[in-house]
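S.K.: Pasting a predicted model and its sequence here:
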Amino acid sequence: LFAGSINDFDITDNQFRMRFYCSILFYLAFLYGINKYIIEKKIFFLLYTVIGFLPIIIMGFRSLIAMLLLSALLLIFKVSKKGASNIFKYLIIGSIAFYSALQIPIVQDKIDEMAIRQETGGTFDNKDYVRNVGLVYYSTTFSEKPLMWILGGGDPQVDVKPINDYQRLFAQAYDMFLYWNDLGLIGLSFIIGIIAVSLLVYLCIKTMYDCGDSNLQYIRFCVFAVLVGTIITSMELYRNGNLVMLGILMYIVHAQKQKEIVWKNNK
């Protein structure tokens with residue numbers, strides 16, 4: 001469950017960035033609470049939002065937090081259908097809730113930590129930013145073998161002694177702290193290939209497109225937030241357990257769409 005609890009790189013004296021298996025559930029819970037609160041007007045559902053928000057903050061992904069907040073806004077606009085005044089009310093409630101969350105010590109600490117990373121060059125504007133360096137390293141190396149980039153080379157197994165050029169390439173990258181999974185879907189394409197990654201993106205987009213039920217908008221915007229936030233900055237979309245959860249979400253949306261088709265045909 002706690003994938004980063006013994007990770008010396010993420011857990012140090014001045015940094016605490018826990019990683020969780022099936023972490024997509026936190027994004028889902030955050031948006032589910034908002035979705036259900038708007039529809040049913042029961043404040044109890046906001047507890048899901050609070051429970052989902054805290055571990056997301058602890059993980060400390062700036063891009064994913066930004067995408068999650070954007071998704072929450074889009075969700076409010078999508079589900080709230082009673083005019084601008086009603087939308088404005090939810091925005092005020094959300095602003096108050098966000099301000100209140102900032103008063104929690106661990107949330108404030110994480111915000112300060114993310115601000116420090118931003119100020120110390122942890123952005124794509126810095127050519128020495130580790131993700132920029134990693135992107136140049138992997139793309140330059142893989143450009144020599146385009147077929148491997150298209151079809152993927154499989155798990156490099158960096159925890160064993162390299163026995164071929166492919167494993168040596170990754171071992172060398174890891175020695176420089178250049179991890180392929182820090183490059184999101186672009187990094188994943190080096191492992192499973194561009195074709196497989198394109199199919200994964202297609203399934204995500206199809207799930208969002210097919211998600212028409214107001215009660216399921218939390219699924220649409222959860223997939224949106226994690227997909228866009230994973231393009232080049234993290235592995236949240238395919239972190240351990242998340243593809244299983246993503247498959248379940250796809251099934252839920254597909255089953256609901258089939259029910260709607262049957263209902264329309266019977267009507």
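M.R.: Sure, I can see it. Residues are numbered from 1 along each chain as shown.
S.K.: buried set for stretch 158-167?
M.R.: Neighbour counts over stretch 158-167 (16 or more other C-beta atoms under 10 Å) mark 158, 166-167 as buried. Just so you know, the C-beta spots here come from the backbone N, C-alpha and C atoms, and that holds for glycine as well.
S.K.: Would you state the helices of the stretch 101-250 of the chain in chain order?
M.R.: 105-119, 130-142, 146-151, 165-175, 184-192, 194-210, 217-229, 242-266 (DSSP state H, counting those that start in this stretch).
S.K.: model confidence over the first one, on average?
M.R.: It refers to helix 105-119. Mean pLDDT, helix 105-119: 68.
S.K.: Same question for stretch 191-208.
M.R.: Mean predicted confidence for stretch 191-208 is 94.
S.K.: What lies in contact with that stretch?
M.R.: 148-156, 180, 185, 188-189, 219-220, 223-224, 227, 237-238, 246, 249-250, 253 (C-beta atoms under 8 Å, 6 or more residues apart in numbering).
S.K.: Over to stretch 163-177?
M.R.: 9, 130, 133-134, 137-138, 141, 148, 153, 156-158, 160, 162, 179-180.
S.K.: mind checking how far it is from the chain centre?
M.R.: With C-alpha atoms, centre = their mean, to the nearest Å as the basis, stretch 163-177 stands 26 Å off its chain's centre.
S.K.: Buried residues, stretch 260-267. List them.
M.R.: Buried-residue list, stretch 260-267, by 16+ other C-beta under 10 Å: empty.
S.K.: just stretch 44-55 next, same as before
M.R.: 45-46, 48-49, 52-55.
S.K.: Tell me the pLDDT of the residue nearest to the spatial centre of the chain.
M.R.: Nearest residue to the geometric centre of the chain (C-alpha atoms, centre = their mean): Val226, 3.0 Å. You'll see Val226 listed with a pLDDT of 93.
S.K.: cool, Cys22 as well?
M.R.: Cys22 is given a pLDDT of 88.
S.K.: So what does it look like in phi/psi?
M.R.: Per-residue torsions, Cys22: phi 60, psi 40 (degrees, to the nearest 10).
S.K.: Grab the nearest non-local neighbour of it.
M.R.: Gly241 (3.6 Å; C-beta to C-beta, 6 or more residues apart in numbering).
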